[in-house]
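Novice: Could you work out the structure for the sequence below:
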Amino acid sequence: MTGDELRAAGAAVQELLARVPDGSAAVPLLATDVTGVAHHVTSCLTWYAQDLVAGPVEVSAFELVRRHDAELAEMRQQLHAATEVLARVVDAADPAERGAHSWGLADPSGFAGMGCAELLLHGWDVADGRGLDWAPPPALADATVTRLFPWVPPDPDPWAALLWATGRGELPGREPVTSWRWHCAPLSEWDGTSPS
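Specialist: Predicted structure coming up:
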């Protein structure tokens, strides 16, 4: 995955957030509000960019704190900027570069995949919590599933497969996922098993 997928995921989430009139509206699954979800995703994308640049040693000397008076419109601008920063870092990185993540040493495509997952899944959390009909482009959902969840069998509905892989949905004939993680290291390092 590349910065192009990150930008597409960011655009899809921006379209969704533009339909939310109240940033203080609750998002029950995450025990926060819509602006809080945007802050969380912004923080993740910012950390991912830093982690890829920092290399294989975990760094966490500071925290990204949301201003209490931050409005959703302002947070959306910050989210757009964080998406673009990660996209540029991913695109500029050597494919062999690695950065620390608690679930493995991710390569640039792994960080792009994680960024897309953060955007898409938390976008769904907002849409579901607010009762909004929303789904990302199928090709984007498919790329995210393929990169981060290589053990998930192909499905005609890749968005449903991504939601299922992260415990957010059900698929006919498959057991519900109650514990999950993704594979962010290079796909060549996947051992062929499912960690779920």
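
Novice: give the contact list for the residue of the chain most remote from its centre.
Specialist: Most distant from the centre of the chain: G173, at 26.1 Å, with distances by Cα atoms, centre = their mean. For G173, no residue meets the contact criterion (Cβ atoms under 8 Å, 6 or more residues apart in numbering). From N, CA and C alone the C-beta is placed, and that goes for glycine too.

Novice: where's it relative to P153, distance?
Specialist: Using Cβ to Cβ, to the nearest Å, G173 is found at 10 Å from P153.

Novice: What values do phi and psi take at the residue nearest to D155 when sequence neighbours are not counted?
Specialist: Leaving out its chain neighbours, the residue that sits closest to D155 by Cβ to Cβ, 6 or more residues apart in numbering is A161, at 3.9 Å. Dihedral angles of A161 (phi, psi; degrees, to the nearest 10) stand at phi -70, psi -40.

Novice: per-residue confidence at the residue farthest from the centre of the chain?
Specialist: If you check G173, the pLDDT there is 90.

Novice: can you check R66 too?
Specialist: 84.

Novice: Report the buried residues of whichever strand or helix holds A9.
Specialist: Here A9, judged by DSSP states H and E, is contained in helix 3-18. By neighbour count on 16 or more other Cβ atoms under 10 Å, the buried set for helix 3-18 is 3, 5-14, 16-17.

Novice: Tell me the one of these nearest A92?
Specialist: Among the buried residues of helix 3-18, G3 lies closest to A92 (Cβ to Cβ), at 8.8 Å.

Novice: what's the distance between T193 and G169?
Specialist: In terms of Cβ to Cβ, T193 sits 22 Å off from G169.

Novice: What sits closest to L64 if chain neighbours are left out?
Specialist: S43 (4.4 Å).

Novice: how would you label that neighbour: helix, strand or coil?
Specialist: Secondary structure assignment for S43 (DSSP: H, G, I helix; E, B strand; the rest coil): helix.

Novice: how many neighbours does it have?
Specialist: 18 (other Cβ atoms under 10 Å).

Novice: again, but for P95
Specialist: 8.

Novice: now do the one 3 residues further on
Specialist: With neighbours defined by other Cβ under 10 Å, the count for R98 comes to 21.

Novice: That one contacts G55, doesn't it?
Specialist: Yes: the criterion here is Cβ atoms under 8 Å, and R98 meets it with G55 at 6.8 Å.
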